[in-house]
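In: Structural data only, the sequence is not supplied:
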C-alpha cells in the first residue's frame, strides 16, 4: 500500500510539473505592482479606477461559464493556453496605452484572461489528483502548491517590477512581461491533462448547461458553498484592486509600491501552503479565524498609518486565500468531473457580477469621502463571509450528502 501511494505521488508530481511551470510564468506580472501608479500617470482618478474595474468585471462573468463548459467539453489544457494568450494581449495593449479609454480596453482583455483561467485551473488540479490517486483528499495540498507558485511569482515579479519601474519607467514593465506569457503557453502545451471529464456518455450541450445551472442553484449543499466562494473571491479582488489606493492617498513614494505589492501577493502562496493545516471545518477554529478577519478589515477604516494599514491588508488577503482553498475543496468534493469546470466558473461568475456594482460604489465612495469611509464596505463583506464560514463549519455535510448523479465515473484506479 505504501509503495502504491509513493508511486502515485511520484506520478502526480511528474504530471503536474509542466502545469507548475506554466502557472509560475503566467503569474510573473512585472507591471502589476506599479499598475495604479501607471494609471495615475495617464490620467486615472479613484472614480475612473472604479469604472475600469467594473469594465473587466463586466466582461469576465459573460465568459466564465462558457469557458468552463468549453473546458469540460473540449480541453482544459486548451482553455489554459488561450488564457495565457489573453494575458499576453492585455499586457501589450496596457503598455501601449496613453489614455484612460485605451487602458480600459486592456483591462477588458484582462477580464477575458480571468474568465479563461479561474475555474479551469482548479478543476484540472482536482481531476488530476482524483485520476492518479483515486481520491480528492490530497487536492488542498496540491492546489496549495499551485497557489504557492502563483504567490512566489507575484512576489518576485513585484520586487523586480518595482525596481524596473524606478529604472526604466512603469510603462516598460508591461513589455518586459510579454515573454513570460509566451513561455507559459509553451509550458501548458507540454501538460498532459486528466481524462476523467471525457469518461462516460457525452450529453448534448443543452443538457450539459442545464445540469451545470441546476447544480449551482438547486442544491442545499452546493449553493451555500457557491455563495461563500463568490463573496470570498470578490472581497479578495477588492483588496488587490483598491488596496493600493491607501498608498496613493498618502502620496507614498514609488519605491514603497514594490515591497507592498510583494507582501500582498505573498499571501496567495502562504495561504495555499497553510490552508490544509487550518481546520475551518471545526467551529472553534472558524470563529477565531473570522474574528481575526473582521478585526483586520476594520483597521483599514480606523487607521491611516501605512505601518498599520499595510499589515492589515496583508492579513485580510492571507485569511481570504486560506478560506478560498477551503471553499474550493468543499465545492469540488460536491460535484462530478463532467461539469466541474463549468460549476467552478459559475461560482467565479457570481463573484464578478457582485464585484461590478461594488467596484463602482467603492470607487465613488473613496473619491468622495476617502479610504477610511470606503474601508467599512470591506468590513461589512468580511462579516458576511465570516458568518457563512461559521455556518458551514456547524453543518459540514457528510460525504454521502455531497454526491451528485453523473454519467461519468469519479474514480479510476491509479
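Out: Ah, there it is. Since the structure is predicted, the reported quantities are computational estimates derived from the model, not experimental observations.
In: contacts and neighbour counts: CA atoms only from here.
Out: Will do.
In: Please, which helix or strand holds the closest residue to residue 365 other than its chain neighbours?
Out: Once flanking residues are discounted, residue 365 sits nearest to residue 374: 5.7 Å by CA to CA, 6 or more residues apart in numbering. In the assignment (DSSP states H and E), residue 374 maps to helix 371-394.
In: same for that helix, what does it pack against?
Out: helix 222-242, helix 244-249, helix 283-302, helix 340-369 (3 or more CA pairs under 8 Å, 6 or more residues apart in numbering; DSSP states H and E).
In: Pull out the buried residues from it.
Out: For helix 371-394, burial by neighbour count (16 or more other CA atoms under 10 Å) applies to 371-379, 381-383, 385-393.
In: List of residues touching it?
Out: Under the criterion CA atoms under 8 Å, 6 or more residues apart in numbering, residues 224, 228, 231-232, 235, 238, 245-246, 249, 280-283, 286-287, 290-291, 293-294, 297-298, 300-304, 362, 365-366 lie in contact with helix 371-394.
In: Averaging pLDDT per element, find the lowest-scoring helix or strand in the chain.
Out: Between all helices and strands in the chain, the lowest mean by mean pLDDT, DSSP states H and E belongs to helix 205-217, at a mean of 77.
In: what does it rub up against?
Out: For helix 205-217, contacts defined as CA under 8 Å, 6+ apart pick out 69, 222-223, 226, 335, 339, 342-343, 346-347.
In: And what about residue 135, helix, strand or coil?
Out: Assigned by DSSP: H, G, I helix; E, B strand; the rest coil, the conformation of residue 135 is coil.
In: State the distance from it to residue 327.
Out: Per CA to CA, to the nearest Å, residue 135 is found 17 Å from residue 327.
In: Could you check which of these two has the larger neighbour count?
Out: Higher neighbour count among residue 135 and residue 327: residue 327, with 23 against 19, using other CA atoms under 10 Å.
In: That one against residue 223, yeah?
Out: No - if you go by CA atoms under 8 Å, residue 327 and residue 223 don't touch, sitting 11.7 Å apart.
In: Could you tell me which residues touch both of these two?
Out: By CA under 8 Å, 6+ apart, residue 327 and residue 223 have no common neighbours.
In: can you pick the most crowded of the contacts of helix 205-217?
Out: Most neighbours among the contacts of helix 205-217, by other CA under 10 Å: residue 343, with 33 neighbours.
In: how about the nearest residue to residue 61, chain neighbours excluded?
Out: Of all residues not flanking residue 61 in the chain, residue 349 sits nearest, at 4.4 Å (CA to CA, 6+ apart).
In: List the contacts of that neighbour.
Out: Residue 349 makes contact with 60-62, 64-65, 230 under the criterion CA under 8 Å, 6+ apart.
In: Same check on residue 12?
Out: For residue 12, the contacting residues are 128-129, 132, by CA under 8 Å, 6+ apart.
In: cool, and residue 50?
Out: By CA under 8 Å, 6+ apart, the contact list for residue 50 reads 359-364.
In: Could you dump those into JSON lines with neighbour count and pLDDT added?
Out: Output for those, formatted as JSON lines (neighbours: other CA atoms under 10 Å; pLDDT from 0 to 100):
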{"residue": "359", "neighbour count": "26", "pLDDT": "81"}
{"residue": "360", "neighbour count": "21", "pLDDT": "81"}
{"residue": "361", "neighbour count": "18", "pLDDT": "86"}
{"residue": "362", "neighbour count": "27", "pLDDT": "85"}
{"residue": "363", "neighbour count": "26", "pLDDT": "82"}
{"residue": "364", "neighbour count": "19", "pLDDT": "86"}
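In: contacting residues around residue 161?
Out: Neighbour list for residue 161: 29-34, 173, 258 [criterion: CA under 8 Å, 6+ apart].
In: in the stretch 1-150 of the chain, which segments are predicted with low confidence?
Out: 1-5 (pLDDT under 70).
In: let's go with 90 and repeat that
Out: Across the stretch 1-150 of the chain, the ranges flagged by pLDDT under 90 are 1-15, 32-37, 40-41, 43-76, 111, 114-115, 118-148, 150.
In: how near is the nearest residue to residue 366 once chain neighbours are set aside to residue 367?
Out: Nearest non-adjacent residue to residue 366, counting by CA to CA, 6+ apart: residue 374, 5.5 Å away. From residue 374 over to residue 367 the distance is 9 Å, taken as CA to CA.
In: Touching, residue 265 and residue 159? I think so.
Out: No - in this structure residue 265 lies outside contact range of residue 159 using CA under 8 Å: 10.6 Å.
In: okay, those two: which has more neighbours?
Out: More crowded of residue 265 and residue 159, by other CA under 10 Å: residue 265, with 26 against 20.
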